[in-house]
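Q: Here you go, sequence then predicted model.
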Amino acid sequence: MLTVVPLSLADARAAVTRLHRHHRPPQGHKFSLGVLDDGTLCGAAVIGRPVSRVFDNGWTLEVTRVATDGTPNACSALYGAAWRTVAAAGYLRLITYTQHGESGSSLRAAGWHPVAELRPRTGWDTPSRPRRSHGNDRIARTLWEQRRACAPALPEIAELRSQIHNQAPCRGPRCTARFPVRSGPGRPRLYCTPACRSRAYRARHTTRT
């Protein structure tokens, strides 16, 4: 018998750390839920503000983490309870993402619908704002939602994809060019051309002398 219960952020973070395959626990939440199997915690869901700013309109929340130990129907129970809680609080939409290779069967079982396929993102890190990997960089994702009938339309897919950093600015002196970011192993490219790399090298050494 599965039972859904509220969780503190500390307990939810501990469960995500223990059970999630590829994500670190989130820093904050609006609320979190746990699912018990005969009194034993077997999964957790963390619900917070949307990560993408195009969804952060005050009427939308996001399931930022769901992690279980594989107990049958635990994921569906969490996704279903998350939407019921969000809808009861007056929000109009709840979103989440699955990665390429994940079937989304638990979401379908809980009444969720896929609404967009998003190409792999090269990462959130930029020279102007260094950031750590979110754990889902360079992986295609599917956007899912639950919503009220009165919820506003989703942003255009082009606007969603504008959040994806596929180009980086050249770090050469006085250069304003941008260049495509290649995914895969190896050191990241910093300059648009060898000439810009040479100018940056000379500028560094001139400053030191």
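A: Yep, that arrived. Numbers count the residues shown, from 1 in each chain.
Q: Could I get the full set of strands for this protein?
A: 2-7, 31-37, 40-48, 60-68, 93-99, 113-118, 141-147, 167-169, 178-180 (DSSP state E).
Q: In a markdown table: those, plus mean neighbour count and mean pLDDT.
A: C-betas here are computed from N, CA, C, even on glycine. Output for the strands of the chain, formatted as a markdown table (neighbours: other C-beta atoms under 10 Å; pLDDT from 0 to 100):
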| stretch | mean neighbour count | mean pLDDT |
| --- | --- | --- |
| strand 2-7 | 16 | 95 |
| strand 31-37 | 21 | 96 |
| strand 40-48 | 23 | 95 |
| strand 60-68 | 24 | 94 |
| strand 93-99 | 21 | 93 |
| strand 113-118 | 14 | 85 |
| strand 141-147 | 20 | 91 |
| strand 167-169 | 16 | 61 |
| strand 178-180 | 13 | 68 |
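Q: Ok, which of these comes nearest R204?
A: strand 167-169 (17.7 Å; C-beta to C-beta).
Q: my guess is T96 contacts R65, does it?
A: No. Counting by C-beta atoms under 8 Å, T96 stays clear of R65, with 9.3 Å between them.
Q: Tabulate the strands of the chain (TSV), appending distance to S106.
A: Below are the strands of the chain laid out as TSV (distance: least, C-beta to C-beta, whole Å):
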stretch	distance to S106
strand 2-7	13
strand 31-37	12
strand 40-48	10
strand 60-68	8
strand 93-99	9
strand 113-118	13
strand 141-147	10
strand 167-169	35
strand 178-180	36
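Q: who wins for proximity to A15 among those strands?
A: Going by C-beta to C-beta, the one of these nearest A15 is strand 40-48, 3.7 Å.
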